[in-house]
Structures are given as C-alpha cells and as structure tokens.
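Asker: Quick one: sequence and predicted model below, then my questions.
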Amino acid sequence: QTMAASWALLVFGLLAEGLSNLPTKKQTLDSTASNEEASKPTPERCSVLQNTQNAVYTINVDVGTPKQTFRLVADTGSNVLVIPGKNCKSCEAAKKNLYDHGKSSTSHTTNMESKITYGSGPVTGDIIHDNVHAIGVTSENQSMLVMHSQNIENFAAFSFDGIMGMGMPVSAMGTKDEPAGEDKSFFAQAGVNAFTMCFAKGEKPDGVLKLGSKRNATFSFERVIGQVHWGVQLSSSSIKGQQIPGICDGSKHCAVIVDSGTTLIMAPSHHLVSLYSKLCDHLPECAEGAQGTSNSMIKSDLFLTTLLTCPDDMANLPDLEFHLGDTDLALGPDTYIMKAHSKDIALHGFFDGMNYTFAHEKYSLEVCVPAFMAGKMMSRNHGPIWIFGMPLMREYTVMFNRNEAGFPLVGFSKTIKCNGCGDGEMISRLYDVEPEGLPITKFYPALVRKPNLVQFEDEPKYIKL
C-alpha cells in the first residue's frame, strides 16, 4: 500500500455534506404515510453489526423486488441511503455490488440527480425510489441516491458498497440547491424513532444494533444540542475525581458528537496534550522521566514515547472520566489504549496535529498508542468539539432516540455483554458495577476513518454541530 493510498483512506469520511432533502415517492402516493408511521411504536428488531476492517461497522440491506443485497455502513453521522448503481463504471471496477432498478418491479425513477461531497471526493447519482428492507423493517418507495459516478480515492480498498445513514432527524445536510426539509431517511420512513448500538471488545469485534426504545433503568440520557449531529454537551474531564485543566473549562464548555462511524476518539490537540500530561503522572516510567518539569507539552510527548514500548504498568493506568450534562462516563485503559502495527501508526497519521515526531523504524512491529486523534474542531455556540467514536461504544451501549418528548436524546449505559441478538446477548448494567479486567486491545486498523465535518460558509473556522 502506498503512502498516497493510505492518506486517501485516512480522509475517507462517510458523513455527507448534503442530501437529506431527497424527494420521496411515498409522499406523492400517500401524503399521510409519514404521519401515520410516526405515530406507530418503533418495532423491536436486532441485527449483528459486522466489523469491517476495524474501521466501520456494516449491515446487509435488501433493495427492490426481487431483492438486491448490499453491505452498507451503519453511519450515525449521516441520514441518506446511498448505493452504487449499474451505470457506475468506477463502482464496478471497485468490485461493488451494483443496483439495477430495471430488475426491480417496485422501483420508481424521478429524472432527478444529486451530489454528495465526501472527505476524499464527490459522488453523483440518480434519485430513485424502491422498497428497502434492513434490520427486520421495510420502507416502501424509499428515496435513495444511486451512484452513477464517484471520485473517491481507493474506494476499492473498502469492503462495503455504500451507506445507511442513521443520523439526526432532518439533519441540515441538504443539497446545495435546496435546504433540508422533511426527514426522508430510512429510519424516518420505516417508523423507527429509536435504536441502540454497542460494539464488543477484542481484536476484531462485531457489534449489535437494536431497534426500539425499550431499555432498562440504567440509561442516562442527554439532550441533543446539535442540529446536524448527535451532539451533546461535554462539561469537563477528570482522572480520579481531579479535573484536568484546559479541557472544556471555558464558559461554553465543549460539545461531543457520538459517531458510530469514526474509528477513534477525536479531540482538539491542546486538549490531548493536557490529557496525556496528566496520564504521565500515573505511568511510573513517564513520571520518573518528567521529574522537575511541569511543561504539559514535554510531559505529553514523554507519555506517548513511553507508551509506545507497551510497558507492563500501562494496564494500571486510571480511568478517564468524562462529564456530560447529567451523565458521567468512564473509559478504562483497555478501551483508550490500543496495540497496533508501528508502520500503520505512521502511515495513518495517528499523531497528526500533535507536534509529535514518531520514528516508527525505531520500534518493534507492535506498539501501544492512545485511541485518540487530534482534530481542529470548534462549534459556533458550544465551544470545542470532541468526537466519541468506536472506543466509547465498546464501553457503553448507546441509545439514539430521534424524538422523545419532542426532541432527540442520546442515552448511555455501561455494557457487560455485546455478543449477538439472542436473549441475554446485549446487556447493560449500573454504573457502580466494576468491569472485569481485560488486556489492552490488539486493534490492528486496516484503515482509520475520520468524520467529514461541515464548516459554515460565512465563518469557516466553525463546524456545524
């Protein structure tokens, strides 16, 4: 794999800059369908989420009559259904499954097309309606973008066909020609108002996706403060009850986006420096080397350098505590530290934005690194932005509720089991129950996926939350 290819894979974000306002044939056929479906309770269904290259989680989706099956990313960062079409030559060359509307008796063409810009290039396609079945529910005459061209670098390297958007209702990611309007995503049209995700731990763990708002009393809910993302307030971070200075301690605090499609946890680089500096105090070799200095940058670099050698004491690092509005979350070292190949660390730019030089040729094949990446992200009204990606969902079962009491919510409950869809296979627990000790995860990412956050056109320094 070339350096250029690796960078292309790194920046391949699946979060669309547009296209939540696709016209839906169902509206033309029955203008009351959406309201009728919205009044129905969410059906209780379950599906295994397939771990794909340790970068994303996918589900199988059937489209049309007879069915044509596609492997799509379960993406809470967008709300559009996107599949490759038979006329997409580059999709065919990438060996993707191709949708042929002419072979489906339930398809409807619209003579309309639209465009989505992803992190590594645009895709253009026709807006087509057809029956879609996934996770045990069906949306008739579902609006889709069927790609006829794409310019995403190294699309062939990814083992999925397209995207199943599971993002915010009526998220403000419409086409350039028209604003976001009625929510025409698959979940909205199939009458799904709530769903829950968890990811298992291990070297290549699968996950579980459940539909419905059924839950136990251990969930703690936060009101969504974003209009585009499942974003909630992040008030502060601490270690052993001691607040980490410099992290979300401004008047606006921070916002954190819960995104199932982001491989790691992302945060502003100066926040990570503060966090690593404090962790240095709890890693004996690092603390010894940092004696006599209070410089956060020096201590942060020393922590990263010490951690690369996978010292035995890293298993004894303390939990990282994150304080939301009314919810406290804790990640143990088996979640926020990972083992990876040294060359992958260099190629995927794990330390980008940290002013840290990683000479991978000096280290053995396997190294240890924090499951974090730096990103320059600032919201307009809620301070700096963090991304809680896959690591958080290996520790917590997360419920995304699209409309409870008139507004969207995100709920968290500590996970004890995330093994499948049978009885007792997906269980959350009370916060005061201590987790069983686990070894540091051997997480060899074939790819590292980052979100493609959309900037305000009038103030590009701010990200749309």
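Answerer: Noted; the coordinates are in hand. Keep in mind the model is a prediction, meaning the values are calculated, not measured.

Asker: CA only for contacts and neighbour counts going forward, please
Answerer: Noted.

Asker: Report pLDDT for the residue lying closest to Q243 once chain neighbours are set aside.
Answerer: Take Q243 and drop its neighbours on the chain: the residue closest to it by CA to CA, 6 or more residues apart in numbering is S237, 5.8 Å away. Listed pLDDT for S237 reads 96.

Asker: what do you get for Q243?
Answerer: 95.

Asker: Ok, the one 4 residues further on next?
Answerer: For I247, the model assigns a pLDDT of 95.

Asker: Paired strands for the host helix or strand of the residue nearest to Q243, with orientation please.
Answerer: In the assignment (DSSP states H and E), S237 maps to strand 231-239. Paired strands of strand 231-239, with direction, are strand 242-243 (antiparallel), strand 254-258 (antiparallel), strand 320-324 (antiparallel) (DSSP bridges).

Asker: Which of those has the highest mean neighbour count?
Answerer: With neighbours defined as mean count of other CA atoms under 10 Å, these peak in mean count at strand 254-258, which reaches a mean of 25.

Asker: pLDDT of that strand, averaged?
Answerer: On average, strand 254-258 scores 95.

Asker: before we move on, what about stretch 351-359?
Answerer: 70.

Asker: Kindly report the same for stretch 94-101.
Answerer: The pLDDT scores in stretch 94-101 average 97.

Asker: Ends of it, what's the gap?
Answerer: End-to-end distance of stretch 94-101 (CA to CA, to the nearest Å): 20 Å.

Asker: let's number from 55 now, not from 1
Answerer: Sure, I'll start numbering at 55, so the last one becomes stretch 148-155.

Asker: any residues touching it, and which ones?
Answerer: 118, 122-124, 137-140, 142, 145-146, 161-162, 200, 209-211, 214-215 (CA atoms under 8 Å, 6 or more residues apart in numbering).

Asker: returning to what we had before: which residues touch the residue nearest to Q297?
Answerer: Contacts of S291 (CA under 8 Å, 6+ apart): 297-298, 301-302, 374-377.

Asker: again with E276
Answerer: Contacts of E276 (CA under 8 Å, 6+ apart): 286-287, 378-381, 463-465.

Asker: can you tell which of the strands paired with strand 285-293 is closest to G245?
Answerer: Nearest of the strands paired with strand 285-293 to G245, taken as CA to CA: strand 308-312 at 22.1 Å.

Asker: Turn the strands paired with strand 285-293 into TSV, including distance to D366.
Answerer: Output for the strands paired with strand 285-293, formatted as TSV (distance: least, CA to CA, whole Å):
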stretch	distance to D366
strand 296-297	24
strand 308-312	31
strand 374-378	19
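
Asker: looking at those, which is closest to E194?
Answerer: Of all the strands paired with strand 285-293, strand 308-312 comes closest under CA to CA, at 29.0 Å.

Asker: Using PDB, list the CA coordinates for the closest one.
Answerer: C-alpha atoms of strand 308-312 as PDB (Å, rounded to 0.1, in the frame of the first residue of the first chain):
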ATOM      1  CA  CYS A 308     -17.500  21.700  24.800                       C
ATOM      2  CA  ALA A 309     -19.700  19.600  22.600                       C
ATOM      3  CA  VAL A 310     -19.200  16.000  21.800                       C
ATOM      4  CA  ILE A 311     -20.600  14.100  18.800                       C
ATOM      5  CA  VAL A 312     -21.400  10.500  19.200                       C
END
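
Asker: Check which helices and strands the helix or strand that that strand is followed by is in contact with.
Answerer: Proceeding N to C from strand 308-312, the next assigned helix or strand is strand 319-321, under DSSP H and E. Under the contact definition 3 or more CA pairs under 8 Å, 6 or more residues apart in numbering; DSSP states H and E, strand 319-321 sits against strand 426-428, strand 439-442, helix 444-449.

Asker: Could I get the average pLDDT for strand 319-321?
Answerer: On average, strand 319-321 scores 93.

Asker: On the C-terminal side of that strand, identify the next helix or strand.
Answerer: helix 323-334.

Asker: ok, now which ones touch the residue lying closest to S331 once chain neighbours are set aside?
Answerer: Residue nearest to S331 in three dimensions, not counting chain neighbours: S354, with 4.4 Å by CA to CA, 6+ apart. S354 is in contact with 327-331, 334, counting by CA under 8 Å, 6+ apart.

Asker: what about S354, which SS state?
Answerer: helix (DSSP: H, G, I helix; E, B strand; the rest coil).

Asker: Please apply the same query to the one 3 residues further on.
Answerer: In terms of secondary structure, F357 is helix; the call rests on three-state DSSP.

Asker: Quick check: I182 is in a strand.
Answerer: Yes: the assignment for I182 by three-state DSSP puts it in a strand.

Asker: nearest residue to it other than its sequence neighbours?
Answerer: T163 (4.8 Å).

Asker: Which strand or helix spans that neighbour?
Answerer: strand 162-172.

Asker: how far is that strand from where the chain is centred?
Answerer: 24 Å (CA atoms, centre = their mean, to the nearest Å).

Asker: now what about the strand or helix carrying I137, what contacts it?
Answerer: Assigned by DSSP H and E, I137 falls within strand 135-138. With CA under 8 Å, 6+ apart as the test, strand 135-138 has contacts from 124, 126, 145, 150-153, 197-202, 215-219, 239-240.

Asker: Pairing partners for it, with directions?
Answerer: strand 191-204 (parallel), strand 216-219 (antiparallel).

Asker: No more questions from me, cheers.
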